[in-house]
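1. Build the 3D model from these lines:
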Amino acid sequence: MPSLRVLNHAFRAWRRNRAWAKHEPETPFLADLLSGAPTCLHVGASDGRHSYVMTQVAPEAVIYAFEPSAFAFEVLKLGIAWHRMGKQVTAVHAAVADKPGELMLVTPKKSSGRMGRAYAYVAETKPNGPARPDLEDTGMETQMTPVVTLDAFCADHGIDRVDFIRMDIEGAEQRALEGAAMILDRDHPHVLLEIHPPMLQARFGGSGEAVVDLFLKRGYRMFALDGVRLEERTTLVADLPWKDYFFIHPSRAARLPDGVFKARMAS
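-> Okay, here's the model as predicted:
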């Protein structure tokens, strides 16, 4: 039986989704990228809000939702059941990186006293000092979590085509994408990725520029919202702790439905 805390969090997430509330500004653009019956990987699924959106804009989508937090994973499973998404969404209790195994999940404690579950990230060891370099915290909780690579997961589960990846994993994105190199090279999936330059540098020894280069060297084009306008970029927006970016490969442009991405890719 789920705890009252899990049930309360799941109910609030369910109610928010039903009201179509508190979604990120990139959310309306997902419909342009999920036509037909796409296979989607939702990495850093949290309570499943993006998985819910995918089922609404693409009723025939198949979604694998990866979540490392034991608490959030229980919330995710309840959301899948309450929204009746079980035929579309498979919950996977795991973090994603460049090699399989086990890592520590670090969850900051916010100055309000609440756990900053949206800011949790994986690490090999517990950090000294603040949990993160990009926010104030008053401590942290840690737990061990299983880790998979996307390439190996797809191979093990007979997933021979990936159409879309949504990834928001607090600085671990470079390592996770390195563990998905086969998928990126084989399928050229559309990607909506939150990039965290301070976390990449301070906690993972990487960089936002290296993440962008990982896509650009494969021929992808990169887009980001500037207000409500989608603009093409080749560099990150400067001086932000994190921001979402779309990556679209020209080989898939012809299959895009009429809309902003198809128009941008044709230019």
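
2. what bits of the stretch 51-200 of the chain have low per-residue confidence?
-> By pLDDT under 70, the stretch 51-200 of the chain has no low-scoring segment.

3. how about the strands in it?
-> Using DSSP state E, counting those that start in this stretch, the strands found in the stretch 51-200 of the chain span residues 62-66, 89-92, 95-96, 101-108, 121-123, 140-148, 164-167, 190-195.

4. so which of these is the most packed in?
-> Highest mean neighbour count among those (mean count of other CB atoms under 10 Å): strand 95-96, with a mean of 27. All C-beta spots, glycine's among them, are computed from the backbone N, C-alpha and C.

5. And for that strand, what's in contact with it?
-> Residues outside strand 95-96 that contact it (CB atoms under 8 Å, 6 or more residues apart in numbering): 43-44, 66, 68, 103, 105, 122, 145-150, 167, 169, 172, 176, 179-180.

6. now do stretch 80-93
-> 10, 14, 17, 45, 48, 51-52, 54-55, 59, 61-68, 70, 73, 76-77, 79, 145-146, 148, 153.

7. go on, stretch 144-157?
-> 41, 43, 64, 66, 68-70, 92-105, 122, 159-160, 162, 165, 176, 179-183.

8. what's the answer for stretch 4-23, then?
-> With CB under 8 Å, 6+ apart as the test, stretch 4-23 has contacts from 2, 47-49, 52-53, 71, 74-75, 78-79, 82-83.

9. re earlier: among the strands of the stretch 51-200 of the chain, which comes closest to T235?
-> strand 190-195 (11.2 Å; CB to CB).

10. Parallel or antiparallel, which strands does that closest one pair with?
-> Sheet pairing of strand 190-195 (DSSP bridges) gives strand 164-167 (parallel), strand 243-248 (antiparallel).

11. Redo the ones you listed as JSON lines? Include distance to L256.
-> Below are these laid out as JSON lines (distance: least, CB to CB, whole Å):
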{"stretch": "strand 164-167", "distance to L256": "12"}
{"stretch": "strand 243-248", "distance to L256": "8"}
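
12. In TSV: the strands of the stretch 51-200 of the chain, plus distance to R229.
-> As requested, the strands of the stretch 51-200 of the chain are exported to TSV (distance: least, CB to CB, whole Å):
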stretch	distance to R229
strand 62-66	28
strand 89-92	31
strand 95-96	31
strand 101-108	33
strand 121-123	31
strand 140-148	37
strand 164-167	21
strand 190-195	17
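
13. Great, nothing more from me.
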